[in-house]
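Participant: Provided below are the primary sequence and the corresponding predicted coordinates.
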Amino acid sequence: MAKIQGVYKIIANQKLSSKFFKLSIEAKSFRGKIQPGQFVHVKINDRLDPFFRRPFCIHRVKRNLEILYEVVGRGTEELSQKKKSEHLNILGPLGNGFTLPSRNIQQVVMIAGGIGVAPFLALTDILRKRKIRLVLLYGGRTKEYVFNMKAFKDNGCQIFISTDDGSYGVKGRVSGLFKKIRLDKSTYFYACGPKPMIKTVQEFSKENNIEGQASLEEIMACGVGTCLGCSIKTRQGYKTVCHDGPVFDLKDIVFEK
Amino acid sequence: MKLSVNIGSVQFKNPVTVASGTFSYIQKYSSIADLKKLGAIIPKTVTLNPREGNPSPRIVETPSGMVNAIGIENAGADCFINGKLKELKKIGAPIIASVSAHTDKDFLVLTEKFNKAGVSALELNLSCPNLKHKTLVAQDKNATYCIVKAVVRKACMPIVAKLTPNVTDISLIAQAAQDAGASAVSLVNTFSAMVIDVNKRRSKLGNVTGGLSGPAIRPIALYMVYQTAQRIKIPIIAMGGITNSSDALEFIMAGATMVAVGTASFVNPQAPRDVLEGIKKYMQKNKIKDIKELIGVMK
């Protein structure tokens, strides 16, 4: 579909936890046009610094376009200061999102590390209509990374949470939650989070012969496949995360050291 | 209002183009940029054989710019000529193809291929290691002279030599390109640069080092264009951090005949169009009838 560059009004910029914010943008033009897993490329200000746009995957599109983000650097820090009624220049929707599982899939397991949980709400907005089992395994560093997941519950997700330090839920990495899943042939995986986590999911899915997809994150400049700056290694050679991805078949991702 | 400029025998309808490696193919930008209006399109550099490119990370954001080490990832000249070039031609703007090679022989093979490809001009990306001369070609005036001379002899279209700024005096290299018969020079390519992650104690680039581009380099690039314009007579295609028409006009006033928008397109895909529209507005406002009145007009 056509890529839209436009200036959009901020409806709300809420703090969800000490780490996460939810930005809502008035974006009628996005309604009905996004694929879960796609992203938008946001210019934080009109100045030359920070220079790049910042890519954020789409959390949800209902009345507004929602972005769930974590403050990690100068760009997101500045974004977190934005107020209602301010404007943002946004390019999108960009990239290839999640492909929906085949009709014989009875259980979808979403594995999220930290802010990697963001694209899964839009995915469950679609999958909820299928009357299949939806499971979300969420791993955060500490309880500060845990936020109200009511929207996921409302979509029928069964949620399991871990934190690295045990300050909330099960202590340890999200992979420690794998044993909570009842695996069978009709299970399908979606993963989004840091690379080591995706690697663990890839290994686990291979051992158990389960198909899946993963959404990857990379530093991006153009966001449209031009600069080739965000390329990652795949079994088919280098692919751009922004244009060929950000969603890839789990099997295809090659992890470089 | 007359906007057209010439490179050798070829006329371009206006002076605004895009820097190699920063322009995407039609299917990606067509909906957001009015590409047909551009004076020319310079696509990403191609090499004789496909190149996989450098390991990631390939880019780092820096103050008002970026450092990249992409590694000229491309599918090779034949694949380009039979595929992407055909798509690019459909846009309707003239194409200045960009090529690079490690040897004189490969440059000549590429020239022959592009002689038959129907492009308006050929840009030689001379910021590549030269096996014979053991430096980057464009860091050595003799190497530059030899390669440009050999290519010009074989070529059916104007030849543009793209120069690296990583030299003591870029105008001397430009002079060598002119003496060898180049129709134009384009400058500047990126400045050698690097960024270190202090927590990991290693480079933020998979390739360790890369090249700096973006507004951060603009005043230095401008100086180099100015310096070169004092020495040579052939046209200069200027690039280096141009984000708007005011930036572009600085380069034109310093002596550039054409201006290329590069890294700015990564942030604003409409930057080339904005630059063109802004130049037109400036000319209207200042009652300039011909863009040539502005070239090198700096007092």
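Facilitator: Thanks, I have it.

Participant: and B:Asn166, what does it touch?
Facilitator: B:Ser127, B:Leu136, B:Gln139, B:Phe191, B:Ser192 (CB atoms under 8 Å, 6 or more residues apart in numbering or on different chains). Every residue, glycine included, has its C-beta placed from N, CA and C.

Participant: Go again with 10 Å.
Facilitator: B:Ser127, B:Thr135, B:Leu136, B:Ala138, B:Gln139, B:Val188, B:Asn189, B:Thr190, B:Phe191, B:Ser192, B:Ala193, B:Gly211 (CB atoms under 10 Å, 6 or more residues apart in numbering or on different chains).

Participant: for the last one, helix, strand, or coil?
Facilitator: This points to B:Gly211. With DSSP: H, G, I helix; E, B strand; the rest coil as the basis, B:Gly211 sits in strand.

Participant: Tell me who's in contact with the nearest residue to it once chain neighbours are set aside.
Facilitator: Spatial nearest neighbour of B:Gly211, excluding adjacent residues (CB to CB, 6 or more residues apart in numbering or on different chains): B:Thr190 at 2.6 Å. Going by CB under 10 Å, 6+ apart, B:Thr190 touches B:19, B:21, B:65-69, B:127, B:164-166, B:210-214, B:217, B:221, B:239-240, B:262-263.

Participant: rerun that using 8 Å as the cut-off
Facilitator: Counting by CB under 8 Å, 6+ apart, B:Thr190 touches B:Val67, B:Asn68, B:Ser127, B:Pro165, B:Gly210, B:Gly211, B:Leu212, B:Ser213, B:Ile217.

Participant: Could you dump the contacts of B:Asn166 into a markdown table and include secondary structure and pLDDT?
Facilitator: A markdown table is the format used below for the contacts of B:Asn166 (DSSP: H, G, I helix; E, B strand; the rest coil; pLDDT from 0 to 100):
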| residue | secondary structure | pLDDT |
| --- | --- | --- |
| B:Ser127 | coil | 87 |
| B:Thr135 | coil | 83 |
| B:Leu136 | strand | 91 |
| B:Ala138 | helix | 92 |
| B:Gln139 | helix | 93 |
| B:Val188 | coil | 97 |
| B:Asn189 | coil | 96 |
| B:Thr190 | coil | 96 |
| B:Phe191 | strand | 96 |
| B:Ser192 | strand | 94 |
| B:Ala193 | strand | 96 |
| B:Gly211 | strand | 95 |
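
Participant: low-confidence ranges in the stretch 101-250 of chain A?
Facilitator: Applying pLDDT under 70 to the stretch 101-250 of chain A flags no residue at all.

Participant: go again using 90 as the cut-off
Facilitator: For the stretch 101-250 of chain A, applying pLDDT under 90 flags the ranges A:131, A:146-148, A:183-185.

Participant: Show me where it has its strands.
Facilitator: Under the criterion DSSP state E, counting those that start in this stretch, the stretch 101-250 of chain A contains strands at A:107-113, A:133-140, A:157-163, A:170-171, A:187-192, A:212-215, A:231-234, A:237-240, A:247-249.

Participant: now the stretch 1-150 of chain B
Facilitator: Secondary structure of the stretch 1-150 of chain B (DSSP E, counting those that start in this stretch): strands at B:5-7, B:10-12, B:16-18, B:59-62, B:65-68, B:96-99, B:121-125.

Participant: same question, the stretch 151-299 of chain B
Facilitator: B:159-162, B:184-187, B:191-193, B:196-197, B:202-203, B:210-213, B:236-238, B:258-261.

Participant: give me the number of residues near A:Gln35?
Facilitator: Here the count is done by other CB atoms under 10 Å in any protein chain shown, and A:Gln35 has 18 residues near it.

Participant: Chain B versus that one, what's the distance?
Facilitator: Distance of A:Gln35 to chain B, computed by CB to the nearest CB, to the nearest Å: 17 Å.

Participant: Check what pLDDT that residue gets.
Facilitator: You'll see A:Gln35 listed with a pLDDT of 94.

Participant: can you tell me how far B:Asn125 sits from B:Ala19?
Facilitator: 11 Å (CB to CB, to the nearest Å).

Participant: And B:Val188, by the same measure?
Facilitator: 10 Å.

Participant: Check the contact lists of these two and give me the overlap.
Facilitator: Taking CB under 8 Å, 6+ apart as the contact rule, B:Val188 and B:Ala19 both touch B:Met239.

Participant: Next up, the contacts around residue 168.
Facilitator: Using chain A. Residues in contact with A:Tyr168 (CB under 8 Å, 6+ apart) are A:Gly140, A:Thr142, A:Lys143, A:Val146, A:Ile161.
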